[in-house]
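Asks: got a sequence here, can you model it:
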Amino acid sequence: MKNYLLMYRTNQEAMQTLAQRTPEELQANTKRWMDWIGGIAAQNKLTDKGNRLFPSGKVLKPNGVTSDGPYTEIKECIIGYSIIAAASYDEAILLAGGCPVLNSGGNVEIREVSEL
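Replies: Residues are numbered from 1 along each chain as shown. Reported below is the predicted structural model:
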């Protein structure tokens, strides 16, 4: 088994739509995420459930220079991550295929985690 990082990405429009949802809609969305990640955990393939991320942050550059980021001209933002265990990229893609972000115009970036 190898570990794979799943990075959940969405766009600014989807983030604005999410901000306008009712508490009931937000609760239903959270349940979809928990059911999906719980299904991966039930297969004993969840290494780290990860967490949600704030849409803004800081960027550290050489010589200690910092700036606000991510930049507003970037259309996508990373909204969260998880780490799963899978035998191959194909299996990781299959596990990621049920991610709720895919139903709202987002995507899942999948990267193998180096063991070094």
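
Asks: what about the helices in this protein?
Replies: For the chain, applying DSSP state H gives helices covering 12-19, 23-42, 89-96.

Asks: okay, and the helix or strand of this structure with the least pLDDT?
Replies: helix 12-19 (a mean of 78; mean pLDDT, DSSP states H and E).

Asks: tell me which residues of it are tucked away?
Replies: By neighbour count with 16 or more other CB atoms under 10 Å, helix 12-19 contains the buried residues Ala14. For every residue, glycine as well, the C-beta is placed using N, CA and C.

Asks: quick one: work out the angle between it and helix 23-42.
Replies: Relative orientation of helix 12-19 versus helix 23-42 (axes from the mean of the first three to the mean of the last three CA atoms, to 10 degrees): 110 degrees.

Asks: contacts for helix 12-19, please.
Replies: 26, 29, 55, 75, 77, 79, 104-106 (CB atoms under 8 Å, 6 or more residues apart in numbering).

Asks: let's see 7 Å
Replies: Applying CB atoms under 7 Å, 6 or more residues apart in numbering, the contact partners of helix 12-19 are 55, 75, 77, 104-106.

Asks: neighbour count added to those, as JSON lines?
Replies: Formatted as JSON lines, these follow (neighbours: other CB atoms under 10 Å):
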{"residue": "Pro55", "neighbour count": "12"}
{"residue": "Lys75", "neighbour count": "10"}
{"residue": "Cys77", "neighbour count": "19"}
{"residue": "Ser104", "neighbour count": "14"}
{"residue": "Gly105", "neighbour count": "12"}
{"residue": "Gly106", "neighbour count": "18"}
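
Asks: brilliant, that's me finished.
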